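Asker: One predicted model, sequence on top.
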Amino acid sequence: QVQLVESGGGLVQAGGSLRLSCAASGRISSYGMGWFRQAPGKEREFVAHISWSGGSTYYADSVKGRFTISRDNAKNAAYLQMNTLRPEDTAVYYCAARYSGTYYSASSYAYWGQGTQVTVSS
């Protein structure tokens, strides 16, 4: 069983940066880690994924070049560095742990955090 807790969200102006953290209660070294987001009235969408080793990363086209996902298995943590933020990045951001299945599909993830709000003002 893995419990995930996100932190680092907040209010930032467009063009600014935030770093989200995801702390796990158990070992996550066997899991791929993903970040998803959900804006009001919209479906949850894939943002980024990092493989269990950290050797492979994948991003949604909308964040590619602006966001960076990373992980530290020794600390049982994952991170999402978000730069050049835009108002359309406003959403609740969730981290999740995946053992198998497609990395961009929310249904592939077995464990989820409670989410952290990111608000980008124009």
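Answerer: On my side now, so go ahead.

Asker: rest of the way, CA atoms for contacts and neighbours
Answerer: Will do.

Asker: Which residue ranges of the chain form strands?
Answerer: 4-7, 10-13, 18-24, 32-38, 45-50, 57-59, 67-72, 77-82, 91-98, 109-112, 116-121 (DSSP state E).

Asker: most centrally placed residue in this structure?
Answerer: W35 (2.3 Å; C-alpha atoms, centre = their mean).

Asker: Give me the below-cutoff pLDDT ranges for the protein.
Answerer: For the chain, applying pLDDT under 70 flags no range at all.

Asker: try it again with 90
Answerer: 1, 26-27, 99-100 (pLDDT under 90).

Asker: Could you report the neighbour count for W112?
Answerer: 21 (other C-alpha atoms under 10 Å).

Asker: That one: what's it in contact with?
Answerer: Contacts for W112 (C-alpha atoms under 8 Å, 6 or more residues apart in numbering) come out as 3-4, 94-97.
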